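Colleague: compute the structure for the input listed below.
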Amino acid sequence: MIIKKYLVANMNEGLTRIRYELGKDAIIISQRKVRKPGLKGLFSKKVIEVTAAIENSQSDDNGSSNKYSSKYSKRDEEFQNSLESIKKLMQDEVLVSKGVRETNNGNTISDKILEHNANFEKEVTNSNMHEEIIDKQETKSSVIKLDNAIKEKSDIGYTVKVRNNEANIESIHKEVNELKSLLNKVIKNSSNEDVSVSFLKERLKNLDIDEGLQDEVMESIVNMNIGKDLDEIESLREVFERDILVSTKSLSGRVVLVGPTGVGKTTTIAKLAGRLALIEKKKVGLITVDTYRIGAIEQLKTYAEIMNIPFKVVITMKEMEDAIEEMNNCDVVLIDTTGRSSKNAMQISELRAFVQKANPDHVNMVISATTKNSDIKSILSGYSELEYDNIIITKLDETTVYGSLYNIAKIANKPVSFITIGQNVPDDIMVPTKEEVASFILGEEILC
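Modeller: All right, here's what the predicted structure looks like:
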């Protein structure tokens with residue numbers, strides 16, 4: 001027994017296809033309303049899934065089961081072959097045994113048909129049947145229907161008599177128009193289904209979502225079965241909120257900040273110190289290993305004096321150990337480090353030695369929201385040796401599109417603990433929620 005499933009707009013279409021492909025002896029096993037599988041069916045209207053069956057012997061006699069066994073590799077070639085077949089059929093059908101006779105107005109039947117055929121071919125060619133908007137199965141069925149209709153007519157082998165040529169031409173015109181209507185219907189339905197998918201792809205591109213992550217986002221929407229009751233934007237919001245991890249816990253113990261040069265580690269550590277000391281009323285200590293930048297040392301020293309908190313500069317491992325011991329009574333010890341290139345393994349190893357000597361409770365990876373998508377992965381990968389457990393994303397105020405929030409959080413797969421949104425110390429730093437991050441990414445929150 002052969003069992004086949006059909007996705008159709010209504011039962012009339014289903015019955016027609018079943019009888020055409022499996023024959024009149026086929027039986028319907030079940031029918032139900034479903035959405036088409038994959039991205040194309042995500043936001044489209046429901047269709048009817050009809051399951052039909054037929055005994056092998058009946059199917060073989062009918063010959064229909066073999067009609068769909070071959071694969072059409074190029075859709076444009078399929079349509080072109082079908083059009084050529086129609087042209088050949090029309091030429092053959094108007095030939096009589098003694099040749100083509102002229103009609104009353106002086107034109108041959110062949111001339112009339114070929115003229116109509118040329119017009120039909122031109123209309124179909126101008127339909128802009130782009131490969132991406134035609135559903136593969138429906139297109140395949142349409143092409144095969146064209147070919148089978150041609151074969152059926154060819155097998156009959158009828159000829160046109162001169163006295164009936166006008167009626168025959170009208171009959172052929174009607175058949176060609178029906179075939180044209182079928183193709184246009186397929187094109188229209190497929191185009192409508194692709195609107196939402198095209199919108200989502202363009203939207204992700206405009207949000208600056210990394211090209212390598214765009215397909216994952218689209219696939220996530222399908223897997224989460226979003227789209228039945230939500231529009232496209234709400235579907236994206238669901239995915240962003242699900243994929244992004246955040247940490248809302250207050251800092252405690254020894255906290256180290258690491259990251260490339262220029263991402264704003266020193267300013268960020270000053271903001272954290274101010275938040276902890278002035279708002280949360282915790283006892284805070286500051287340590288810096290960044291001896292390469294005199295300005296950074298002076299900057300932290302000034303902030304420490306203003307906030308009346310202890311501050312130490314360390315160069316050696318022993319100095320790190322001593323500074324940690326001196327600040328043992330602090331609730332939080334914030335440790336600033338030298339910016340290192342993620343591509344320089346030796347520098348990363350040296351930094352790792354200092355971090356291990358500090359024996360931190362938390363290591364925060366600091367990375368700028370302005371970082372190019374092509375660099376995010378290499379930076380995060382290069383610093384993975386330091387075993388960071390949280391992400392701080394800085395300089396959100398220096399960009400106008402916030403897709404990098406998703407790119408960084410998704411690639412790092414670590415909680416985002418803080419986002420900096422300006423230069424003011426200690427105000428311009430926030431502990432984001434998932435909802436706030438998603439709103440930034442979608443462009444609903446804009447920093448002036």
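Colleague: let me see the confidence value for E55.
Modeller: In this prediction, E55 carries a pLDDT score of 76.
Colleague: quick check: closest non-adjacent residue to it.
Modeller: Spatial nearest neighbour of E55, excluding adjacent residues (C-beta to C-beta, 6 or more residues apart in numbering): M1 at 5.7 Å. Heads up, the C-betas are built off the backbone N, CA and C, glycines and all.
Colleague: now do D428
Modeller: G422 (3.2 Å).
Colleague: ok, now T400?
Modeller: I446 (7.6 Å).
Colleague: I'd like the distance between the one you found and F440.
Modeller: With distances taken as C-beta to C-beta, to the nearest Å, I446 is found 9 Å from F440.
Colleague: give me the more crowded residue out of those two.
Modeller: Higher neighbour count among I446 and F440: F440, with 25 against 9, using other C-beta atoms under 10 Å.
Colleague: just list whatever residues bridge to I54.
Modeller: I2 (DSSP bridges).
Colleague: whoops, I mixed them up, L257
Modeller: Bridge pairing for L257 - DSSP bridges - gives D336, N364.
Colleague: which residues sit in contact with it?
Modeller: K265, T268, I269, L334, I335, D336, T337, N364, V366, I392 (C-beta atoms under 8 Å, 6 or more residues apart in numbering).
Colleague: can I get the residues you listed in CSV including pLDDT, neighbour count and distance to F311?
Modeller: CSV is the format used below for those (pLDDT from 0 to 100; neighbours: other C-beta atoms under 10 Å; distance: C-beta to C-beta, whole Å):
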residue, pLDDT, neighbour count, distance to F311
K265, 93, 25, 16
T268, 96, 25, 16
I269, 95, 29, 11
L334, 97, 25, 10
I335, 96, 27, 11
D336, 93, 26, 10
T337, 92, 23, 15
N364, 97, 26, 19
V366, 98, 26, 19
I392, 98, 26, 20
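Colleague: closest to V34 among those residues?
Modeller: I392 (46.0 Å; C-beta to C-beta).
Colleague: any idea which element the closest one lies in?
Modeller: Here I392 is covered by strand 390-394, with elements defined by DSSP states H and E.
Colleague: next: E219.
Modeller: Here E219 sits within helix 211-223, counting by DSSP H and E.
Colleague: for that helix, the averaged confidence score.
Modeller: pLDDT averaged over helix 211-223 gives 85.
Colleague: quick one: end-to-end distance for stretch 274-283.
Modeller: Using C-alpha to C-alpha, to the nearest Å, the end-to-end distance of stretch 274-283 comes to 11 Å.
Colleague: that one: which residues count as buried?
Modeller: G274, R275, L276, A277, K282 (16 or more other C-beta atoms under 10 Å).
Colleague: these two touch, right, the first one and A304?
Modeller: No: in terms of C-beta atoms under 8 Å, G274 does not count as a neighbour of A304; the distance is 10.5 Å.
Colleague: any chance of the contacts of L257 in JSON lines, with distance to A296 too?
Modeller: Below are the contacts of L257 laid out as JSON lines (distance: C-beta to C-beta, whole Å):
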{"residue": "K265", "distance to A296": "8"}
{"residue": "T268", "distance to A296": "12"}
{"residue": "I269", "distance to A296": "10"}
{"residue": "L334", "distance to A296": "13"}
{"residue": "I335", "distance to A296": "13"}
{"residue": "D336", "distance to A296": "7"}
{"residue": "T337", "distance to A296": "10"}
{"residue": "N364", "distance to A296": "17"}
{"residue": "V366", "distance to A296": "13"}
{"residue": "I392", "distance to A296": "17"}
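Colleague: just the closest of those to R254, please.
Modeller: I335 (6.7 Å).
Colleague: wouldn't the closest one be in contact with G285 here?
Modeller: No: in this structure I335 lies outside contact range of G285 using C-beta under 8 Å: 9.1 Å.
Colleague: which secondary structure elements does the strand holding I392 sit against?
Modeller: The contact analysis (3 or more C-beta pairs under 8 Å, 6 or more residues apart in numbering; DSSP states H and E) places strand 390-394 against helix 265-274, strand 362-368, helix 403-412, strand 416-420.
Colleague: one step back: mind listing what's buried along the helix holding E219?
Modeller: L213, Q214, V217, M218, S220, I221.
Colleague: now the last one, nearest residue through space, not along the chain?
Modeller: If you skip the residues right next to it in sequence, I221 has S235 as its closest partner in space, 5.1 Å away by C-beta to C-beta, 6+ apart.
Colleague: so the one you found sits in a strand?
Modeller: No: assessed by DSSP: H, G, I helix; E, B strand; the rest coil, S235 does not belong to a strand; its assignment is helix.
Colleague: domain map for this structure?
Modeller: With domains defined by automatic domain parsing, the chain comprises 2-66, 75-205, 243-441.
Colleague: which stretches of the stretch 251-400 of the chain form helices?
Modeller: 265-274, 294-307, 317-326, 345-358, 373-382 (DSSP state H, counting those that start in this stretch).
Colleague: any idea which of those gets closest to S198?
Modeller: When the helices of the stretch 251-400 of the chain are compared (using C-beta to C-beta), the closest one is helix 373-382, at 21.7 Å.
Colleague: CA atoms only: put that closest one into CSV for me.
Modeller: Only the C-alpha atoms of helix 373-382 are listed here, as CSV (Å, rounded to 0.1, in the frame of the first residue of the first chain):
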residue,chain,number,x,y,z
ASN,A,373,31.0,41.5,15.1
SER,A,374,34.0,39.9,13.4
ASP,A,375,36.1,40.6,16.6
ILE,A,376,33.7,39.6,19.4
LYS,A,377,34.2,35.9,19.0
SER,A,378,38.0,36.1,18.9
ILE,A,379,38.2,38.4,21.9
LEU,A,380,35.9,36.3,24.1
SER,A,381,37.8,33.2,23.0
GLY,A,382,41.2,34.7,23.7
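Colleague: average pLDDT across it?
Modeller: In this model, helix 373-382 has an average pLDDT of 94.
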